[in-house]
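[1] please find the sequence and the predicted model below.
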Amino acid sequence: MDTNMSIEYAPQEEEDIWIDQIKSLHLNGRLCDWVTTFHPQKLLCSPMPGIIHGSYNLIQEFLFEDGTVWLLRFPRVSNVSPEYVDEKVATEVGTLFNPNPLELGPFILMEFIEGVSLGEALKKDDGSRLLREDIPERDVEFVYRQMANIMLRLFEIDFDRIESLPTPKTGYSVPIRPLTWKTHDILRTGGVNTFGDRARGFSTITGYFQYINRQDWKQFRHQPNTVIAGELDGITTYASLDMLKSMMPQFVDTEYEKGPFKLICDYFSLANMIVKSREDLTIVGVVGLEWVYAGPAQMFASGPWWLLLNRPINTEWDFQVEDPPEVNERYFKSQSLQEGTGGRRGKITQAPRERGGL
């Protein structure tokens, strides 16, 4: 649904003040002094030119005297709700827990992985998050094979219920019901809290999908600008949500109805993968796994939207349900090839199309 612009301006103003604070700490040297305290040898460092503004994070690179590079990552004030910012960081990493004396908020400090983002190497130049359509076939298949191998490894991890990931290293107390990208986005851009009772998780896919549908209904009813194009727009949205509710049983993979549940990353994209270079697309690192939780196996098995060259919710989606795009078949072919190697236990479930599968 559309963004509620009435709640957009205050967070942006807060972020402008926050960024000015970071710049000031740059100039007086306190930011570098603070980062140095985390280095094992307490080596001096200096900030590298430019600050990276991601969708949900602000990133600054630091160069140490020995030539190593670290990344300092803060959740963006404008795009992450303050009441959930600690939890967002705590569910991404569990190796370091330390107060921030500079009062800049929660942070992640990590080593730099040499290489380039796969997104930079392959995505379109128009600002979208989609793959270029002129990529050589051999490069696409090479990336797909690596991705299939990564997905198969992750699919081996089982969970007993749909829930937040445990945080045994830090001991951070995380509510059972997960902090998902969708739920946070409804709150952040719509101003409607659809979390419900976070002390309760879900033991079935049906229960979780019903919860997701209730989120949409609550946003539709309580966000002031959900109907902006008149009565017909409201009727259409109402009918769509009602139809989705009635079709819910068709979207459930009965084999995995009660688990095991799998690791879901709502915001996994090209930017999460680091490759050696633009010429060598060997994946050397997977980073920035945000909005991660234990969820339905069939959600894990859906082909990532960016590998399909388009979003299924795009009104210009250029294929019919019975005629999926070529890249979809190519992705699952690569996945099948990987399932036959390496002694993997089991394989990724692929729900039939009538249940929402691709």
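    Cool, the structure landed.
[2] residues touching the one residue sitting closest to the centre of the chain, list them.
    Centroid check for the chain by C-alpha atoms, centre = their mean gives Y267 as the closest residue, at 1.8 Å. The neighbours of Y267, taking C-beta atoms under 8 Å, 6 or more residues apart in numbering as the test, are 55-56, 181, 290-291. Using the backbone N, CA and C atoms, a C-beta is placed for each residue, glycine as well.
[3] mind checking how far it is from C32?
    For Y267, the distance to C32 (C-beta to C-beta, to the nearest Å) stands at 30 Å.
[4] can you check L102 too?
    Relative to C32, L102 is positioned 11 Å away (C-beta to C-beta).
[5] tell me which of the two has more neighbours.
    C32 (17 against 14; other C-beta atoms under 10 Å).
[6] the more buried one and T167, how far apart?
    29 Å.
[7] ok, how many other residues are close to the closest residue to T189 other than its chain neighbours?
    The shortest distance from T189 to any non-neighbouring residue, by C-beta to C-beta, 6 or more residues apart in numbering, is to T3 (4.5 Å). The tally of other residues near T3 (other C-beta under 10 Å) stands at 14.
[8] ok, now K23?
    K23 has 11 neighbours, counted by other C-beta under 10 Å.
[9] got the domain boundaries for this structure?
    5-111, 116-159+260-355, 181-256 (automatic domain parsing).
[10] quick one: these as TSV, columns for mean pLDDT too.
    TSV is the format used below for the domains of the chain (pLDDT from 0 to 100):
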stretch	mean pLDDT
domain 5-111	88
domain 116-159+260-355	76
domain 181-256	91
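[11] nearest to S173, of those?
    Counting by C-beta to C-beta, S173 lies closest to domain 5-111 out of the domains of the chain; the figure is 9.0 Å.
[12] burial count for K124?
    13.
[13] that one contacts I135, correct?
    No. Under the criterion of C-beta atoms under 8 Å, K124 is not in contact with I135, lying 10.3 Å apart.
[14] before we move on, back to that, go through the domains of the chain and name the closest to G171.
    Across those, G171 has its closest neighbour in domain 5-111 (8.2 Å, C-beta to C-beta).
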